[in-house]
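Visitor: Fold the following, please.
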Amino acid sequence: MTGRSEEAERVIRTLVVEDDPIAAEANAGYVRRVAGFEVVGVVGNAADALRAVHSTPVDLLLLDVHLPDGNGLDVLRRLRSAGHTADAIMVTRARDLAVVQAAVAFGATQYLVKPFTAAAVRTKLEAHREYRARLGTAAQVVAQADVDDLLGAVRGAPVPAGGLPKGISRESLDAVVGALGAAGPTGLTASEAGAVLGTSRITARRYLEHLADTGLAVRHARYGGTGRPQVEYRSQPGGVAG
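Guide: Residues are numbered from 1 along each chain as shown. Model prediction:
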């Protein structure tokens with residue numbers, strides 16, 4: 001009986017807050033596929049999010065910033081004012097530094113920028129699960145190393161030597177892989193990938209070139225109109241991001 005109770009306590013009860021029904025169901029599905037997490041609700045606006053947290057035990061919010069009746073930052077602010085300490089992973093297309101700064105100030109532990117993949121969500125959730133596990137086993141924080149260890153857990157482990165090169169993040173790489181997969185056999189140019197991901201052509205090209213160099217994408221010449229052909233990148237079947 002004790003073992004079952006302890007197992008239940010380790011489950012991280014997660015509320016998904018997203019106004020797009022398709023995206024909401026996808027996000028809930030991503031959460032359900034990660035061990036140790038339970039989706040306790042899926043809501044589409046700020047008012048319902050606040051009601052859900054007040055009426056249901058919630059440990060973590062997967063919280064969209066842009067909502068039809070407000071925004072996720074205001075939800076987080078009001079929860080903190082009411083004394084709720086649930087953690088939050090903010091979800092948005094915004095790349096404005098002020099939004100990120102406000103999210104951190106209101107207690108968001110992590111940030112997901114759309115579009116993202118199931119792998120990106122899994123990475124964030126697994127880091128959060130490790131953070132919660134360390135909190136549960138730490139009797140007392142007694143030294144700088146203990147604090148650094150906890151913060152390192154929630155932020156995710158740094159990329160080891162021989163991993164991703166400088167300037168390439170795992171989250172953005174997963175998003176590029178997802179965009180290429182969605183494009184199918186037509187592929188994407190750097191400009192098209194940048195438009196899909198909300199980044200510059202130069203940034204998108206850096207990621208596409210990395211995928212091509214590592215065998216996860218292939219380069220093709222795209223002819224059309226006048227002038228030099230464009231470089232088109234297509235997903236390589238069987239490729240797995242390292």
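
Visitor: C-alpha from now on. contacts and neighbour counts both.
Guide: Noted.

Visitor: domain ranges for the chain?
Guide: 2-119, 170-235 (automatic domain parsing).

Visitor: helices and strands of the protein: which one bottoms out on pLDDT?
Guide: Counting by mean pLDDT, DSSP states H and E, the chain has its least confident helix or strand at helix 2-10, which shows a mean of 47.

Visitor: and the domains of the chain as TSV, adding distance to residue 133 and mean neighbour count?
Guide: Formatted as TSV, the domains of the chain follow (distance: least, Cα to Cα, whole Å; neighbours: other Cα atoms under 10 Å):
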stretch	distance to residue 133	mean neighbour count
domain 2-119	8	17
domain 170-235	23	18
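
Visitor: so how far is residue 168 from the closest residue to residue 87 other than its chain neighbours?
Guide: Once flanking residues are discounted, residue 87 sits nearest to residue 60: 4.7 Å by Cα to Cα, 6 or more residues apart in numbering. Taking Cα to Cα, to the nearest Å as the measure, residue 60 falls 28 Å from residue 168.

Visitor: Equivalent analysis for residue 62, please.
Guide: Taken as Cα to Cα, the span from residue 62 to residue 168 is 24 Å.

Visitor: show me what contacts the residue positioned nearest the centre of the chain?
Guide: The structure's the chain has its C-alpha centroid closest to residue 112; by Cα atoms, centre = their mean the separation is 3.3 Å. Residue 112 makes contact with 89, 90, 91, 92, 120, 121, 171, according to Cα atoms under 8 Å, 6 or more residues apart in numbering.

Visitor: Narrow those residues to those in helices?
Guide: Judged by DSSP state H, the contacts of residue 112 include 120, 121, 171 as members of helices.

Visitor: Rebuild those as JSON lines, extending it with distance to residue 22.
Guide: Formatted as JSON lines, those follow (distance: Cα to Cα, whole Å):
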{"residue": "120", "distance to residue 22": "18"}
{"residue": "121", "distance to residue 22": "16"}
{"residue": "171", "distance to residue 22": "21"}
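
Visitor: Return the member of these nearest to residue 49.
Guide: residue 121 (20.0 Å; Cα to Cα).

Visitor: roughly how far apart are residue 184 and residue 168?
Guide: 23 Å.

Visitor: hang on, I meant residue 212
Guide: Taken as Cα to Cα, the span from residue 212 to residue 168 is 14 Å.

Visitor: Below-threshold pLDDT in the chain: ranges please.
Guide: In the predicted model, the chain carries pLDDT under 70 at residues 1-9, 94-97, 135-164, 225-227, 237-242.
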